[in-house]
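Colleague: this one's structure only:
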């Protein structure tokens with residue numbers, strides 16, 4: 001009986017440890033050296049110059065579940081508001097911004113909340129953490145975009161590697177594509193697609209193939225221009241701190257190097273971003289630490 005009890009306790013301990021291990025392994029030991037693996041930069045929000053987002057969250061929308069309903073209804077531009085689940089390993093976030101037009105400003109409103117659980121139905125209040133006004137410089141980034149036509153029937157997915165059928169140049173699909181007209185199902189989708197990590201130069205109006213030929217085809221869309229438009233790094237940022245106050249740290253060189261805002265999230269695990277001003281296409285990048 002005693003042996004059974006000890007075994008039961010050990011099994012419960014093992015199951016608890018396994019349940020708590022929800023994050024990807026962050027450290028490994030090679031020989032006698034401890035290596036810490038870092039999270040990469042992710043796109044938290046992307047906005048086009050044609051966006052119609054509100055200038056702030058309405059007072060009646062400042063809880064997670066109410067906001068999600070408003071985003072789904074897409075009234076008054078709410079559908080363009082971005083939400084992001086902050087990984088449990090992130091104690092803070094480094095923010096950078098990229099845009100396609102130098103010297104133009106973009107204004108981000110940042111809200112934070114702490115969910116009652118990790119379930120999708122969990123709720124939380126949303127606190128206004130502050131406003132970031134980035135100004136795009138001229139330093140190049142890894143992000144690009146281009147217009148396309150004749151898209152379909154395969155729908156490009158983030159992580160796909162696309163190759164020009166004429167130039168043999170490649171680029172990795174960054175996000176799901178925007179559709180201005182047509183549909184992928186009909187093979188006549190047209191709009192804008194965004195890439196990262198391109199190699200070389202594409203040929204004007206060439207057809208593009210996907211590396212996922214088992215789900216796609218050798219002709220998934222046609223570039224409608226000669227080459228990709230590059231995003232450039234913001235080199236200046238101005239902060240208006242709100243509820244998170246002194247938890248912000250700003251680096252704003254204004255010399256065509258990259259500007260950055262750092263925020264101690266203070267235990268928050270739910271992030272909301274809306275772009276209240278952007279006269280050109282922009283992306284807000286984030287990296288945990």
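Modeller: That came through fine. Note that the structure is a prediction, hence the values are computed from the model and not measured.

Colleague: just for the stretch 1-150 of the chain, where's the confidence low?
Modeller: 1-38, 51 (pLDDT under 70).

Colleague: show me where it has strands.
Modeller: 27-30, 33-36, 42-47, 82-85, 92-99, 105-113, 127-151 (DSSP state E, counting those that start in this stretch).

Colleague: could the ones you listed go into CSV alongside mean neighbour count and distance to residue 171?
Modeller: Glycine gets a C-beta too; all of them are placed from N, C-alpha and C. Shown next, in CSV, are the strands of the stretch 1-150 of the chain (neighbours: other Cβ atoms under 10 Å; distance: least, Cβ to Cβ, whole Å):
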stretch, mean neighbour count, distance to residue 171
strand 27-30, 8, 31
strand 33-36, 8, 30
strand 42-47, 20, 15
strand 82-85, 16, 23
strand 92-99, 23, 16
strand 105-113, 24, 24
strand 127-151, 20, 7
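
Colleague: and those strands: which comes nearest residue 276?
Modeller: strand 105-113 (4.9 Å; Cβ to Cβ).

Colleague: what packs against that closest one?
Modeller: strand 92-99, strand 127-151, strand 270-278 (3 or more Cβ pairs under 8 Å, 6 or more residues apart in numbering; DSSP states H and E).

Colleague: do you know which of these lies nearest residue 110?
Modeller: strand 127-151 (4.5 Å).

Colleague: how close does the nearest residue to residue 280 once chain neighbours are set aside sit to residue 153?
Modeller: With sequence-adjacent residues excluded and distances taken as Cβ to Cβ, 6 or more residues apart in numbering, residue 280 is closest to residue 101, at 3.9 Å. Using Cβ to Cβ, to the nearest Å, residue 101 is found at 34 Å from residue 153.

Colleague: who has more neighbours out of those two?
Modeller: Neighbour tally, residue 101 and residue 153, criterion other Cβ atoms under 10 Å: the higher count belongs to residue 101, 16 against 13.

Colleague: OK, contacts around the spatially most central residue of the chain?
Modeller: In the chain, the centroid-proximal residue (Cα atoms, centre = their mean) is residue 43; its distance is 2.1 Å. Residue 43 sits next to 174-175, 283-285 when contact means Cβ atoms under 8 Å, 6 or more residues apart in numbering.

Colleague: which of those residues fall in strands?
Modeller: 283-285 (DSSP state E).

Colleague: any chance of the residues you listed in a markdown table with pLDDT, distance to residue 217 and neighbour count as columns?
Modeller: Shown next, in a markdown table, are the ones in strands among the contacts of residue 43 (pLDDT from 0 to 100; distance: Cβ to Cβ, whole Å; neighbours: other Cβ atoms under 10 Å):
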| residue | pLDDT | distance to residue 217 | neighbour count |
| --- | --- | --- | --- |
| 283 | 93 | 29 | 23 |
| 284 | 96 | 33 | 25 |
| 285 | 96 | 32 | 25 |
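
Colleague: relative to residue 71, which of the residues you listed is nearest.
Modeller: Once Cβ to Cβ is applied, the member of these that ends up nearest residue 71 is residue 284, at 16.7 Å.

Colleague: please report how far the closest one lies from residue 131.
Modeller: 12 Å.

Colleague: now do the shared contacts for the two.
Modeller: Common neighbours of residue 284 and residue 131 (Cβ under 8 Å, 6+ apart) are residue 108.

Colleague: tell me the secondary structure at residue 203.
Modeller: coil (DSSP: H, G, I helix; E, B strand; the rest coil).

Colleague: picking up where we left off before, for residue 182, find the nearest of the strands of the stretch 1-150 of the chain.
Modeller: strand 127-151 (7.2 Å).

Colleague: so what strands line up beside the closest one?
Modeller: Sheet partners assigned to strand 127-151 using DSSP bridges are listed as strand 105-113 (antiparallel), strand 189-196 (antiparallel), strand 221-223 (antiparallel), strand 229-241 (antiparallel).
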